[in-house]
Each structure stands twice: as structure tokens, then as C-alpha cells.
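Student: structure for the following, please:
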Amino acid sequence: MARLTLHDDRFFDPNPAIRRIARMLYSEVRDLPLVCPHGHVPPALLAENEPFPEPTSLIFTPDHYIFRMLYSQGLRLEDLGIPTVDGTPVEDNPRTIWQTFGEHYYLFRGTPTRAWLDYELYTVFDVRQRLDGDTAMDIYDQIQSKLQQPEFRPRALFDQFDIDVLTTTDAASDSLEHHQALRASDWDGRVVPCFRPDAALQIAADGWKKELHRLADAADTTIDSYEAFVQALEDRRAYFKEMGATSTDHGVYNPHTERLSDGAAERIFQRALAGEATEDDQAQFEAHMLMEMARMSVDDGLVMQIHPGSYRNHNEALYQRFGADVGGDIPVRTEYTRNLKALLNAYGTNPDFSLVVFTLDETSYGRELAPLAGHYPAMRIGPPWWFFDSIEGMKRYRRQITETAGFYNTAGFNDDTRAFLSIPARHDLARRLDANYVATLVARHQIELDEAHDIMEDLAIGLVRDTYNLGTE
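Tutor: Numbering: from 1, shown residues only. Next up is the predicted model:
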């Protein structure tokens, strides 16, 4: 059976001059704490601190990076245990699913998923066999045995991973009950919410009315006007901030920003209340509400994040059967220079405003995002996101961004994951690739070695703490 190994020089340049410097730079940041300003780990995981049930539901089922690859090769999601919307039966034997996963693990060769999973298996669970069809059950049993031990409960792993702070992503209507439970506990791990109002702004969506009622209940108010709606959002932001939030997050298809008059916003809102809002209404309303969210950020200091450019639920049949977040979201071409003009002209030079912009369209890095962030004091560029938080994606990001925006108009790294155990693997990958890029600049004599040391610490923890106001407590 093939052994699982993690080479000390993985992801470093084969050029010995660069590799030698990269090793040194990486060694200085490899053990720094993990600062996680954006992600999707459910806070209930840490609030309840129950043992993980078994390997499949822990590693495989919640990670769309994994099962979308198997689906692309013709495997049925039903056979992979992915729950259906209507509750019709799917494969429910976790060992069977894990065996299928092992038999198809070769599909991940050369991908970041393979890099993360190998790191996770090797460093967290002490696995020394390469996962395949022959070793799948032995590895399953080894992981299952580990999961029964107290040191593998969520809070213990949080401490073992040396996570300084973990930010979750929470709907504007969320009660934050799990965050309340964490604050009331005797555990000192720092977990903070992030305010995400997307569902409340999508006024043409089927579930908008229900979300509006949830928002009204959470804010303990009645929402029958646009003014009341804005007040409810402001109240909820204040509560999120009281619970430790330092940021908001906005996942939009198109990052268009445009301010409407209060009267125009009210008319659109009333059409939404009557169930008559159109897709055009929603586009105008979202563009206006991005401006409002920026205004609120100036007032309350929450860092504003925009995650645009995903065509959600592209596979309609998959969406109808399995719902959202099953790997059917595809990037689209995204424009920023014109779309963000209204917002940046209004708030881009305001010292009380911070904006982090992400993209799924790499062609915009050098053409638009780097020049914008290299000009407007309030804007920073988020790290490679989703399809591009990968080995080659991170390399392309540094090459295209740095020459125009430098290092210090970027926002540091975030793992953006639901898969809790993959957090250290993702940070380790980012630190290795940043060390390699900075080492290349040293080898070319573009920067001096003492500067490289400073840059590496800033890329690992300094920039993200500064950008998201996440200084140590």
C-alpha cells in the first residue's frame, strides 16, 4: 500500500535559490496563530461541543468541493448520501459512502482539495496510508477511533489548531443563540458572528416574505415600510456588534451600487410586500441597499465585505432535488470599475469605512481590482476565493495584484470553509505559497531579506487583524 507523506518542501519552487529562502520565511510563520475572519463553520458545532459522529459526515458530506468532483465524474448524489429536499431516501450507510470516496480519491490529484485532505489526514488523524479503495475502511476505522477521544471534540481541536479567532456567517435574522451560549460558557475560545443580510434583500425570491417575518421577530418590531426595514437592519447590526461582530458580508450576483431616493425605495419595497417585486426591482433594491450598508458601516464601524459573481444553482435539476450549496454554483464575468463607482465615490475616502472586495473573476485582478484598491483608501482586495483559493490561484493572485496594489492593500487570508478540520490545512497552504512568492522577490533582489520577514508576518496575521479589527483580546 502506498504511504501518505507530506514533503517538507511541498509547494515551494524547485529553483534551489528560491526554495532555500522560502523554507526560512515559512518557518517563521508556520506556527503563528490562525486568524479566521470569514467562514461558514456552524457556531452550534462549538457551542454544543459534542463528539463528531463519524468520518463521512465530518469530512465528506459537508464539503461541496469533494462531492462536486465525484458528481462531475458521473456519480449520483443519492449514492453519496447527500440529503434530498423532499426527504426521499439516499444512501445512509457512512461506511459505504466512505468506500466510494476512497475508490475515487484519485480524482483529486493535483487539486487543492487533495492538498487539504492529505494534510488533514496526516496531521490531525496520524494517517500514514494513502487513501484509496484498498485502504478506505482501515482509514475510516482509524479516524472513528480518534473521534471517540476527548481531545478530538470541537473545542479541543479549536485550541489544538491555535485558532485566535473564528468568524461565522449568520443571517440578519439569526438569534445568535449559539454565540450567546459560547459567551456564557467557561471556554475562552473566541468565536464571533458576521452579519449577512442577503436573504432579507432578495425581495423577488420565493422565501423573502418568510425571511422578512424572521427579521421582524428578531428585531422585535413590525416591518411594514422601507423605513421600518432599514431600522430593523440597523438594530440587528447593533446586536451583532454587541455579540462581537466586526464585519458584514454581502453575496451578490452583480456588485452594482446605486442610490435610490427614499420614495423610490419605498415604492419598490411596497411592491415586494404585495408579492409583486420583479427581478429588475430586486436588482435596483440590492444596488441601493449596498449603498445603505456602506452608510451603516461608516456609522457602526463594521467592515463591509462584498462576494459577487456566482451564478447560484446553475444546475436547475440538482437544485430542485437537493437544494442550494450542492456544487452547482458557477462563476460569471464581473465588472467592478463602473459598478462600484457610486459606493466608492460616496465612501471610498471616508476614514471610518472599510471595504473588502472578493472576486470569482480572475481577469479583474490586474485590470480593475488592483487599480481600485491602489487608489481608494477604504478598499482592500480579499484573498482568492472559492475556485481560486488554490495553489495556482494564489500564485496568480499575488502576481497580478502586487505590482499595482502592493501587499498592504490586500486583506490577508481567510479559509472560507464549512469543513472545520480543513482550516489549518488551508492556512498552511497559503503561508507556504506566500513564502514562495516573497522568496522569489528576494531572489530577484526586488526586496531585501529583512523586508521579507516583515511581509510574511503581515501576510500571515497582521493584515487580517488590521483589516477586520481583530486584534487579540
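Student: so which helix or strand takes in the nearest residue to residue 219 once chain neighbours are set aside?
Tutor: Excluding the flanking residues, the one nearest residue 219 by Cβ to Cβ, 6 or more residues apart in numbering is residue 232, at 4.0 Å. Heads up, the C-betas are built off the backbone N, CA and C, glycines and all. If you go by DSSP states H and E, residue 232 is part of helix 226-242.
Student: and the strands in this protein?
Tutor: 34-36, 163-167, 170-171, 191-192, 195-196, 247-252, 303-308, 310-311, 330-331, 355-357, 379-381 (DSSP state E).
Student: tabulate these (CSV), appending distance to residue 266 and mean neighbour count.
Tutor: Shown next, in CSV, are the strands of the chain (distance: least, Cβ to Cβ, whole Å; neighbours: other Cβ atoms under 10 Å):
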stretch, distance to residue 266, mean neighbour count
strand 34-36, 39, 25
strand 163-167, 34, 22
strand 170-171, 24, 22
strand 191-192, 34, 24
strand 195-196, 23, 25
strand 247-252, 22, 22
strand 303-308, 24, 24
strand 310-311, 30, 16
strand 330-331, 35, 16
strand 355-357, 27, 26
strand 379-381, 30, 24
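Student: which one of those lies nearest to residue 222?
Tutor: strand 170-171 (19.3 Å; Cβ to Cβ).
Student: relative to the whole chain's centre, how far out is stretch 218-227?
Tutor: What separates the centre of stretch 218-227 from the centre of its chain is 30 Å, taken as Cα atoms, centre = their mean, to the nearest Å.
Student: just for the chain, where's the confidence low?
Tutor: Low-confidence segments of the chain (pLDDT under 70): 472-473.
Student: how is it carved up into domains?
Tutor: Annotated domains of the chain cover 16-50+161-468, 51-152 [automatic domain parsing].
Student: chain center to the last one, what's the gap?
Tutor: Centroid separation for domain 51-152 versus its chain: 21 Å, with Cα atoms, centre = their mean.
Student: cool, stretch 140-154 as well?
Tutor: Centroid separation for stretch 140-154 versus its chain: 26 Å, with Cα atoms, centre = their mean.
Student: same check, this time on stretch 170-179
Tutor: Its chain's C-alpha centre and that of stretch 170-179 lie 17 Å apart, by Cα atoms, centre = their mean.
Student: returning to what we had before: in the helix holding residue 232, what counts as buried?
Tutor: Buried positions in helix 226-242, judged by neighbour count with 16 or more other Cβ atoms under 10 Å: 226, 229-230, 232-233, 235-241.
Student: got the phi/psi numbers for the residue nearest the centre of the chain?
Tutor: Centroid check for the chain by Cα atoms, centre = their mean gives residue 416 as the closest residue, at 2.0 Å. Per-residue torsions, residue 416: phi 50, psi 50 (degrees, to the nearest 10).
Student: mind listing what it touches?
Tutor: When contacts are counted by Cβ atoms under 8 Å, 6 or more residues apart in numbering, residue 416 touches 38-40, 385-386, 389.
Student: how many residues are close by residue 89?
Tutor: 7 (other Cβ atoms under 10 Å).
Student: ok, now which ones touch it?
Tutor: residue 78.
Student: quick revisit: now the strands of the chain as CSV including distance to residue 132?
Tutor: Output for the strands of the chain, formatted as CSV (distance: least, Cβ to Cβ, whole Å):
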stretch, distance to residue 132
strand 34-36, 30
strand 163-167, 31
strand 170-171, 39
strand 191-192, 36
strand 195-196, 39
strand 247-252, 36
strand 303-308, 35
strand 310-311, 33
strand 330-331, 30
strand 355-357, 40
strand 379-381, 39
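Student: most neighbours among the contacts of residue 416, which one is it?
Tutor: That'd be residue 38 among the contacts of residue 416, by other Cβ under 10 Å, with 26 neighbours.
Student: and the residue nearest to it when sequence neighbours are not counted, what does it touch?
Tutor: Residue nearest to residue 38 in three dimensions, not counting chain neighbours: residue 414, with 4.2 Å by Cβ to Cβ, 6+ apart. By Cβ under 8 Å, 6+ apart, the residues touching residue 414 are 36-39, 382-383, 464.
Student: go again using 10 Å as the cut-off
Tutor: 35-39, 167, 305, 356, 358, 382-383, 385, 389, 423, 426-427, 430, 464, 467-468 (Cβ atoms under 10 Å, 6 or more residues apart in numbering).
Student: where's it relative to residue 423, distance?
Tutor: With distances taken as Cβ to Cβ, to the nearest Å, residue 414 is found 10 Å from residue 423.
Student: what do those two both touch?
Tutor: Joint contacts of residue 414 and residue 423 (Cβ under 10 Å, 6+ apart) are 36, 39.
Student: how about the nearest residue to residue 92, chain neighbours excluded?
Tutor: Per Cβ to Cβ, 6+ apart, closest to residue 92 is residue 81, 6.4 Å.
Student: oh, I was asking about residue 312
Tutor: Per Cβ to Cβ, 6+ apart, closest to residue 312 is residue 329, 5.2 Å.
Student: understood, closing this out.
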